[in-house]
Each structure stands twice: as structure tokens, then as C-alpha cells.
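**Q** Got a predicted structure here, sequence first:
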Amino acid sequence: MNAQPARALMTIGDVLGLLRADFPDITISKIRFLEAEGLIEPQRSPSGYRKFGEGDLERLRSILTAQRDHYLPLRVIKQRLEAQDRGEAVPPLETAGRVPAQDRPPRTLVAADAGAPEPAVRLTRRQLLDGAGIDEELLAGLEEYGLVTRTGRHYDGEALTIARAAAALGAFGVEVRNLRALKSAADRQVGLIEQVIAPLLRRRGPGAHEQAAGTAREIAELSVRLHAALLATGLRESLDP
């Protein structure tokens, strides 16, 4: 990247605020992931904070537009950017990997019962890859270790959340194999919740199943809060001098 004047430099929070109007799904984790993948190279302050110039901001806009509007995978976007950096001519986005509109999959597939209180999200493999900003290798690893599964040919909304989180953690050097401990802990929590609601599921009265589901959700929420508090306590103890 070309050096930017100090007065033009922005923090990652500034960049997030400027992008969010056009790209509501953008997050700090996504920006960090794009940096880790080599698509952007913000400057660093002496204390290590990222500093972005106008050129970095426009590069991010280009990447996000290519993903959202033209369905290009990150690998192709990176190749295009590297060619531009070398001064080579690249075809316009309108013709790069273009898919006819009638053959283009919808960005989000939902269950047929759209009138349900929380219609289930159903994503194709390509939608999951593009939505999470990950490549085939990472998704294959998530599937291999059981962190992401699919029903038939589709993935649910939780798979998207898991994939995005795994990508963000990857930017910090956390590998998929390291996430097995989190998966095991989650499985143990599920087992505990199943034990608690088992008596409710055995009831045959009206609303028994709904009551069990509500209880399971409440216990899950409490478990997440407890886990966060325990994690914060452990970190505080380990970081205290």
C-alpha cells in the first residue's frame, strides 16, 4: 500500500462506520479476516493499532462489492487485486465470473413456512462460503471436526455464525483443530440440558413440547452467560500482575 498522509489515517472503528451504511453485515472481525488473508494491508501505528487511508477504504469497498454484487470468491478477488497492484489490466467486475441473473442463487434461502415466528435460514454451500468470507479449505476443516454440519444440501444460520467466528479466530492464529475443545464443551452443555428437560418431554399434555423447548432455551442462555462470566474471571486472574 502507498503511504497515506497522517491526517488522512482512520482507525478500524472509523472504517467500520463509513462502510456500514452500504454493507450492514460488515464487522471488525471481517476486516481483520480480510487483512489476515492478504487482501488489505493497513498501516500500523508504533503501538500496533491499524491505521487506514482512503486507498484502504476504497479497496475494502471494492472487495465487499465484489462479494455482495458479483458473488466472487475471495481467491478470485485477491487475484484481481494483486493484478491491479502490479499495474495489469483486469476485466471489469461485470464480466468477472459473471453468473446469469436467472441462474444466480438467492442470497438467503428461508424455509417455506415464511410465516413462522423464526423461519429457518437455509444456505447453499456457496452462500455459506461467501457469507462468511471463508474458503473451501476452512469449511472442510469445520465439517471434518464436526463444528459445521448440513441437512441435505443446505446449512442453517448457526453454520454461518460458526464459520464467521472461526474465520475471525483464525486471524488471531486459532486453528480449526483448536476449536474442538469448544465443540466438546458445547456438546456437554447440550447433554446437561437434555437431562433437565427429559421429564418435560415425557409428558403427554398439551404444550409439553413447547414448554420443554422454552426451558431448554432459557437454560442455554443462562449457560452462555455463566460461561462468559467464568471466562472473564479466568482471564482477569491470568492477566493480573
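**A** Yes, it's here.
**Q** Domain-wise, how is the protein divided?
**A** Annotated domains of the chain cover 1-100, 105-174, 180-239 [automatic domain parsing].
**Q** mind giving me JSON lines with those domains and columns for mean neighbour count and mean pLDDT?
**A** The way it works is simple: take the backbone N, C-alpha and C, and place the C-beta from them, glycine included. Listed next are those as JSON lines, based on neighbours: other C-beta atoms under 10 Å; pLDDT from 0 to 100:
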{"stretch": "domain 1-100", "mean neighbour count": "15", "mean pLDDT": "82"}
{"stretch": "domain 105-174", "mean neighbour count": "16", "mean pLDDT": "77"}
{"stretch": "domain 180-239", "mean neighbour count": "12", "mean pLDDT": "87"}
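**Q** Report the central residue of this structure.
**A** Centrality entry for the chain: nearest residue to the mean C-alpha point is Arg164, 1.8 Å, by C-alpha atoms, centre = their mean.
**Q** Just the element for it, please.
**A** Using DSSP states H and E, Arg164 sits within helix 157-170.
**Q** how near is Leu60 to Ala220?
**A** 35 Å (C-beta to C-beta, to the nearest Å).
**Q** show me where this structure has helices.
**A** Assigned by DSSP state H, the chain shows helices spanning 12-20, 28-36, 54-70, 74-85, 125-132, 136-144, 157-170, 180-202, 208-239.
**Q** and the third one with helix 125-132, angle?
**A** Looking back up the chat, that one is helix 54-70. Counting by axes from the mean of the first three to the mean of the last three C-alpha atoms, to 10 degrees, helix 54-70 lies at 160 degrees to helix 125-132.
**Q** And for the first one?
**A** Relative orientation of helix 12-20 and helix 125-132, computed by the same axes, to 10 degrees: 130 degrees.
**Q** any idea of the angle helix 12-20 forms with helix 28-36?
**A** 100 degrees.
**Q** again with the third one
**A** Angle, helix 54-70 to helix 28-36, by the same axes, to 10 degrees: 100 degrees.
**Q** which helices and strands does helix 54-70 pack with?
**A** With contacts taken as 3 or more C-beta pairs under 8 Å, 6 or more residues apart in numbering; DSSP states H and E, helix 54-70 sits against helix 12-20, helix 28-36, helix 74-85.
**Q** Start and end of stretch 78-92, how far apart?
**A** 14 Å (C-alpha to C-alpha, to the nearest Å).
**Q** who touches that stretch?
**A** Stretch 78-92 has contacts (C-beta atoms under 8 Å, 6 or more residues apart in numbering) with 37-39, 59, 62-63, 66, 72, 96.
**Q** closest to Leu201 among those residues?
**A** Glu37 (44.5 Å; C-beta to C-beta).
**Q** Which residue is the nearest non-sequential neighbour of that closest one?
**A** Closest residue to Glu37 apart from its sequence neighbours, by C-beta to C-beta, 6 or more residues apart in numbering: Leu74 at 6.1 Å.
**Q** Wait, that neighbour touches Leu39, no?
**A** Yes: counting by C-beta atoms under 8 Å, Leu39 is a contact partner of Leu74 at 6.8 Å.
**Q** Reformat the helices and strands packed on helix 54-70 as TSV; add distance to Gly214.
**A** Shown next, in TSV, are the helices and strands packed on helix 54-70 (distance: least, C-beta to C-beta, whole Å):
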stretch	distance to Gly214
helix 12-20	34
helix 28-36	31
helix 74-85	40
